[in-house]
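Asks: Sequence and computational prediction follow.
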Amino acid sequence: MSYQESKTRDYGVNLCEGCFEKQRTIDRQFEEIQQLKQKLNANQRRLKDGFFGSSTPSSKVPLKANSLAENQLKKGGAKVGHQGFGRQVFTFEQADEVRISEVAEENCQVCECQLVSQSSNERAIYDLQREKIRRIYYKIRRKRCPICQKTVAGKIENAMPNAKLSNELIAEVAEQHYVLGRTLGQISERFSINYSTLSEALKRVGKMLEPCLEKLKSDYRKSFVRHADETSWRTDGAGGYSWYFGSKDVSLYLFRATRSASIPNEVFGKEQLMGVLVVDRYAGYNRVPCQIQYCYAHLLRDIKDLESEFETNEEVKNYTREMKICLTDAMQLRNRQLNEAEYRKKAKNIKTKIFELSQRQAVHPAIRRLQDFYVEKAGRLYGWCENSEIPAENNYAEREIRKVVIARKMSFGSQSKEGAKTREIWTSILLSLKKREENPRDKLIKALNKLGQNKDLDIAGELFGSQVD
């Protein structure tokens, strides 16, 4: 008599409850191991590249590798054999001051005979004239009409009514603070003027200049190529954002508490606009009323991330190698000094190559995801092929908004909403004038002098009367 249970005819299924429970435990532990491996890889990448991966600013990268030996051996300057132009010096006519260096000795120190005059040598040097505040005390004369008894007083032409600072000094403080990045504390110490005096002067004059922002928004809408970007900015200790909207004639900076699409809508308006907006893929710009061109530098970063994530996969390596060449060629095409016909021909070839890579049959899911993006967003990827004025990258905005990033590191943001609004006005006006005027500071001082004499002056027209082509 056999005590062994008869075996089932279905040999593919194990009906043992203990074995089944063991298999479930193995599967559950295998999934946990995979999840832990993914977290470990993510943490290792974060420790190496920073919280935002390849998008992490260099200042926030936790560990930075040492420069390669061959890079350390590289020296700055022109290539060997370059002729050069020598040191540039100014001429006698260009000098601000001419000084004569006299010979103090009358007799030769060797033979004690009398020295005889000889031809002079010439030398040009640059000297420093330190910033110095002048205290000016005005006695304002007055005259009275003997008939109607009306009193007429003398005018101070270089200062606002009841102001403690001249217009030239206000322009100097604004330029140092909002353009050069010096803090008001540093400027206050350098000029020996109370901090609150400088702050209130900037706020007061800033309110008078506020109409210029609407003029800059109008000129920005008329530009053919526009750029936009945003970065973080704290106001009164609360998180917020600094927005940049720029073109070749406009630098518009807005400091707001939100990163929503309401800010681009405020700048662009609702009417359809000509031209193109070059941006990254942030969704806040998706509904602007003009053509959009995505930044290829950000797309190239995604390709490099894919390459580093699957560095052993041959299909990924082949795809990323060809795609990197296409994206790099597209970004460098404008620097090759081609005429419009040659530019469009080469741009068409690059576009065709990108199309081919996007339509190629792929097995790896990460490649297919990127291919789907290039197919679905084709309307926002090839504006640069139509006109050589349209860049394939948004490096212009990245460079322009760097001024705000430096100011954020120096001052840690704005102390109040009023201070953020004042920075918004001054920064936009000063940097826009710098793009348009040969002497932007003189232009601003003359306009402020006129505004001090006529409070109804159209200050926006006075500063930015010229129209953008």
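Replies: That came through, no problem.

Asks: all contacts plus neighbour counts: C-alpha atoms, from now on.
Replies: Fine.

Asks: biggest strand in this protein, by residue count?
Replies: The residue-count maximum for a strand in the chain (DSSP state E) belongs to strand 225-232.

Asks: Let me see the ranges of the strands in this protein.
Replies: Taking DSSP E, the strands of the chain run over residues 142-144, 151-153, 225-232, 241-246, 251-256, 276-279, 291-294.

Asks: now for those, which one comes closest to Glu315?
Replies: strand 291-294 (25.7 Å; Cα to Cα).

Asks: So what's the gap between that closest one and the chain middle?
Replies: Relative to the chain's own centre, strand 291-294 is displaced by 18 Å; criterion: Cα atoms, centre = their mean, to the nearest Å.

Asks: how much space between Ile33 and Leu40?
Replies: 10 Å (Cα to Cα, to the nearest Å).

Asks: Tell me which residue is most central in this protein.
Replies: Per Cα atoms, centre = their mean, the C-alpha nearest to the average position across the chain is that of Ile401, at 2.2 Å.

Asks: That one: what's it in contact with?
Replies: Going by Cα atoms under 8 Å, 6 or more residues apart in numbering, Ile401 touches 229-231, 244.

Asks: Mind putting the strands of the chain into CSV with distance to Gln453 and mean pLDDT?
Replies: CSV is the format used below for the strands of the chain (distance: least, Cα to Cα, whole Å; pLDDT from 0 to 100):
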stretch, distance to Gln453, mean pLDDT
strand 142-144, 17, 85
strand 151-153, 13, 83
strand 225-232, 36, 94
strand 241-246, 32, 94
strand 251-256, 28, 95
strand 276-279, 40, 95
strand 291-294, 44, 95
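
Asks: out of those, nearest to Asn162?
Replies: strand 151-153 (14.0 Å).

Asks: Bridged to the closest residue to Gln291 other than its chain neighbours, which residues?
Replies: Nearest residue to Gln291, sequence neighbours excluded (Cα to Cα, 6 or more residues apart in numbering): Val276, at 4.7 Å. Going by DSSP bridges, Val276 is paired in beta bridges with Val225, Gln291.

Asks: What is the burial count for Val276?
Replies: Using other Cα atoms under 10 Å, Val276 has 21 other residues around it.

Asks: show me the contacts for it.
Replies: For Val276, the contacting residues are 224-226, 290-293, 383, 390, by Cα under 8 Å, 6+ apart.

Asks: Glu424 reaches Phe255, doesn't it?
Replies: Yes. Contact criterion Cα atoms under 8 Å: Glu424 and Phe255 qualify, at 6.1 Å.

Asks: More neighbours: which of these two?
Replies: Phe255 (27 against 22).

Asks: before we move on, back to that, which strands or helices does the longest strand of the chain pack on?
Replies: Judged by 3 or more Cα pairs under 8 Å, 6 or more residues apart in numbering; DSSP states H and E, the packing partners of strand 225-232 are strand 241-246, strand 276-279, helix 395-411.
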